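In: Please work out how this folds:
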Amino acid sequence: MRAIGASLQATILASLHKNGLGWFTRPAFLKVKVINLPAKKKRTGIDSFNKHVRVVAAKPATVKIKTYALNQLKDAAL
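Out: Numbering: from 1, shown residues only. Take a look at the predicted model:
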């Protein structure tokens, strides 16, 4: 059982790697996707609470991982 888990983990990591596909799907069960978010510059914005202008800090580029449950997994949870 550990060998199956290790091989599945290696396959997912290879698919999500920088040089990989950027997504992994286990048909009818699970989908894992890489989302690359670009860097954001410092900017001014309006505070939604007090309506004053404020400076929103810069954010570096980052990577997010999204996981989606597909139909068979959703049906099993019911």
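In: can you tell me which residues contact residue 39?
Out: Residues near residue 39 by CB atoms under 8 Å, 6 or more residues apart in numbering: 58, 59, 60, 61. No exception for glycine: its C-beta is placed from N, CA and C like everyone else's.
In: ok, it to residue 60 distance?
Out: 5 Å (CB to CB, to the nearest Å).
In: Could you grab the helix/strand/coil label for the most centrally placed residue in the chain?
Out: Nearest to the geometric centre of the chain sits residue 65, at 1.9 Å (CA atoms, centre = their mean). Assigned with DSSP: H, G, I helix; E, B strand; the rest coil, residue 65 falls in the strand class.
In: can you pull the contacts of it?
Out: Shown in contact with residue 65 (CB under 8 Å, 6+ apart): 16, 32, 33, 34, 35.
In: Please tabulate those residues in a markdown table, including the columns pLDDT, distance to residue 50 and neighbour count.
Out: Listed next are these as a markdown table, based on pLDDT from 0 to 100; distance: CB to CB, whole Å; neighbours: other CB atoms under 10 Å:
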| residue | pLDDT | distance to residue 50 | neighbour count |
| --- | --- | --- | --- |
| 16 | 91 | 42 | 17 |
| 32 | 94 | 40 | 16 |
| 33 | 95 | 38 | 16 |
| 34 | 95 | 38 | 17 |
| 35 | 95 | 32 | 11 |
